[in-house]
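A.B. asks: How does the following fold in three dimensions:
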Amino acid sequence: MSGLYELRLLLLGGFLAYASYQDYIRREIDDEVWLLCTSILLPMTLYDYLLLRSDLLLLSLFSIVTSALLSLLFYFGRLYGGADCKAIVTIALSAPLMESGGRTLPFLPLSTMINGLVATTVVPIGLLVYNVYRIVRGERLFDGFEGEGVGRKVLASLLGTRVRDHSKLKFWASMESPSNLSTRSFKFSMKIDDFGQALRGDMWATPGIPLLVFITIGYLIAVVWGDVFLIIVRLLGG
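C.D. replies: Numbers count the residues shown, from 1 in each chain. Below is the predicted model:
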């Protein structure tokens, strides 16, 4: 492990932290963040793997290509936005290999993606706990949704909550299908553009997740500890 590797990790972490802040505040990241990060760190990566440690060159190229293809697949599959795709590509170009921590594969961008996706599970778990708390308090969250089955109500509780005062909410999307009937129904096929529309009235809604925040968390976990799945296996195995 070279000192250049640690410097790249530190600088990359700083850029990701700043981009996460922008994502949290306004759900947009300036392209200049990725351009500046790549312009600084890519030459360092090339110097490291071309001149200092050429034995890792092919492995790093494989990581870059694989990570870029997967990130594009996720983007065109609408699993995440353009900024998240750019973040993974930037990580791949800046630090394609993970040289510390417990790991099943030595590819830092892929470990970051996996760790970040695992980290997002705290959102549906938190929403479910919050909704159960509201129901226990006596709130009738499913009034008007008598035609929905138990399974769909549980799914709704994992994805969102009933919003009655949305004056201070931003980046939320309606979870209800338009209907003139007295019985209301859930809609689970939200698009990215739906989160820019204002909420109206008493309705079920889902929050837009600042995914880059979780990607950054996944990056930090990968750098400090390694793959989440490997960590879990080790904990279960004692």
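
A.B. asks: show me where the chain has helices.
C.D. replies: 3-26, 31-47, 57-76, 82-94, 108-119, 122-136, 150-159, 211-224, 228-236 (DSSP state H).

A.B. asks: and the first one, what's its mean pLDDT?
C.D. replies: Right, the one you point to is helix 3-26. If you average the pLDDT over helix 3-26, you get 92.

A.B. asks: Could you pull up phi and psi at Trp225?
C.D. replies: When read as degrees, to the nearest 10, the backbone of Trp225 gives phi -120, psi -40.

A.B. asks: quick one, which of the helices of the chain is nearest to Met203?
C.D. replies: Checking the helices of the chain against Met203 by Cβ to Cβ gives helix 150-159 as the closest, at 11.4 Å. To be clear about C-beta, it is placed using only N, CA and C from the backbone, and glycine gets the same treatment.

A.B. asks: Need the residues that contact the lengthiest strand in the chain.
C.D. replies: When the chain is parsed with DSSP state E, its longest strand is strand 203-207. Strand 203-207 has contacts (Cβ atoms under 8 Å, 6 or more residues apart in numbering) with 123, 145, 156, 159-163, 166, 169, 171-176, 186, 190, 199.

A.B. asks: possible to save the helices of the chain as TSV with distance to Phe195?
C.D. replies: Output for those, formatted as TSV (distance: least, Cβ to Cβ, whole Å):
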stretch	distance to Phe195
helix 3-26	12
helix 31-47	20
helix 57-76	16
helix 82-94	14
helix 108-119	19
helix 122-136	14
helix 150-159	13
helix 211-224	12
helix 228-236	27
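
A.B. asks: Output those helices in TSV; the columns should cover distance to Met203 and mean neighbour count.
C.D. replies: TSV is the format used below for the helices of the chain (distance: least, Cβ to Cβ, whole Å; neighbours: other Cβ atoms under 10 Å):
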stretch	distance to Met203	mean neighbour count
helix 3-26	24	16
helix 31-47	34	15
helix 57-76	29	16
helix 82-94	27	23
helix 108-119	28	24
helix 122-136	14	13
helix 150-159	11	15
helix 211-224	24	22
helix 228-236	35	13
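
A.B. asks: Determine which of those shows the lowest mean per-residue pLDDT.
C.D. replies: helix 228-236 (a mean of 72).
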